[in-house]
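[1] coords please:
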Amino acid sequence: MEAEEPQAEGPTEGPPANGAQAEPPPPIGPPTQPPRTASPAAPDGACGGPHWEGKDMWGMYPPLAVLEGEEVREGSQQRQARPRTARGQKKAADKREAADKMEAEDKMEVVDKMEAAAGSAQPVLPAEEVEPPAVAKAMQCSQFGRHVEELFRQEKEAALKALRTGLYVGWRCPEYLWDCFRVGEHSKCFCGHLLGEHEPYAEVRDSVPCAAGRCECRGFAFVPSRPEDVGELWLRRRAPAERAGWHAACRCKHSHEKHAPGGTRACRAAGCPCKGFESTFLCAACDRRWEEHQTFFETMEARKQGGLPYGEQYLVFAELPEMRNAVLTGKTSDDSAYLALLAEMSSPSSSQTQPLPSTEPPNAPK
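    Residues are numbered from 1 along each chain as shown. I've put the predicted structure just below:
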């Protein structure tokens, strides 16, 4: 007998025995999830929706009705859903409440201390009258008087000479009853020359023309020559050469010396379309532009009739004694110069005033 060959395990090819149908081969790949089935209809009052394996899908994500605080029926029980708050909102509210409580306690403690010290708490009220000298002295201490004297030295000299000669030269807007700047011999004109380099004042003419050679100026027109005159005090901290080179400028970015001294004061710089001087600065006394001001030459009688200050009232800060003393002597408590001035004005020899003496230009031939 021949030995039987062993049969190989596994499916055999060919039709199955007894006419049975062949089973399909298993699919290749990872096992698939069982199909989802729809749950029965939700009871009345409940939120319907898809269910999976008998559990509501909104068990983890509540519907909008719950978020809004509406009553939701769950089975046979009813409950009131709590409204949800923003994350961290309650913690922030607690912090604010604690801070307000601490602030109130601190205020009460301060009030108790004030009552214990003074008997009753007094309200703090602003001062009815502002005292600029006291504030300025507190800021600058011992240097206050010296700074004031240096700042107003030109105006002090102009005022003292006006009291001795009877000729008042002021720079102001025409409608004002006070002078924004007291003009002296060292004050500069729009043409670039000083008042001392102009012809003496005469009542027969309205203007004071320039006496410098080849100058086209037909009348003195004061122009600020220092940054302090226009309120730019911070420029004093710069180098002396830079301060000395300061000039009143126009909006065309050229100085007043680049403009014509008369007429419309058009700019003469090459290629500049400027047709008239428009200042880039404001007056330190009235905050108005240079072109709104005028230079006035007046006698004491004319100022009396016009209601303008004259005599000792023409001094710088005449209405503030401490500031007036600081301008005259550099010390707020020293009124010796003011008393000497009053004595000089009351003497018979000073009753007759003299016209402004003429001063020749520095390089004028004699």
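[2] For the stretch 151-300 of the chain, just list every one of the helices.
    153-165, 240-244, 300-306 (DSSP state H, counting those that start in this stretch).
[3] winner for burial among those helices?
    helix 153-165 (a mean of 19; mean count of other CB atoms under 10 Å). The way it works is simple: take the backbone N, C-alpha and C, and place the C-beta from them, glycine included.
[4] Using the record's domain definitions, break the chain down for me.
    135-152+316-350, 168-308 (automatic domain parsing).
[5] Out of those, flag the one nearest E97.
    domain 135-152+316-350 (41.8 Å; CB to CB).
[6] Okay, now the unreliable bits of the stretch 101-250 of the chain?
    Scanning the stretch 101-250 of the chain for pLDDT under 70 picks out 110-111, 113-142, 233-244.
[7] same thing but 90
    The model of the stretch 101-250 of the chain has pLDDT under 90 over residues 101-151, 202-207, 212-214, 225-247.
[8] what ranges do the strands span in it?
    Assigned by DSSP state E, counting those that start in this stretch, the stretch 101-250 of the chain shows strands spanning 167-172, 181-182.
[9] Check which helices and strands the last one is in contact with.
    So that's strand 181-182. For strand 181-182, the packing partners by 3 or more CB pairs under 8 Å, 6 or more residues apart in numbering; DSSP states H and E come out as helix 153-165, strand 167-172.
[10] ok, L195 to S187 distance?
    Computed with CB to CB, to the nearest Å, the distance linking L195 and S187 is 5 Å.
[11] oh sorry, the question was meant for E149
    18 Å.
[12] Look at the two and report which has more neighbours.
    Remark: of E149 and S187, S187 carries more neighbours, 24 against 17, as counted by other CB atoms under 10 Å.
[13] Please look at the more buried one and L194 and confirm they touch.
    Yes: counting by CB atoms under 8 Å, S187 touches L194, with 6.7 Å between them.
[14] Could you work out which of the domains of the chain reaches nearest to A158?
    Closest to A158 of the domains of the chain is domain 168-308 (CB to CB; 3.2 Å).
[15] of the strands of the stretch 101-250 of the chain, which approaches E298 most closely?
    strand 167-172 (4.9 Å).
[16] counting contacts, what elements does that closest one pack onto?
    Of the remaining helices and strands, those touching strand 167-172 by 3+ CB pairs under 8 Å, 6+ apart are helix 153-165, strand 181-182, strand 294-299.
[17] between the ones you listed, which one is nearest to R265?
    With CB to CB as the yardstick, what comes closest out of the helices and strands packed on strand 167-172 is strand 294-299 (13.7 Å).
[18] and the closest one, which residues are buried?
    T295, F296, F297, E298, T299 (16 or more other CB atoms under 10 Å).
[19] how much space between the last one and L167?
    Put plainly, it is T299. T299 is 6 Å from L167, by CB to CB.
[20] ditto for the third one
    In this structure, F297 and L167 are 7 Å apart, going by CB to CB.
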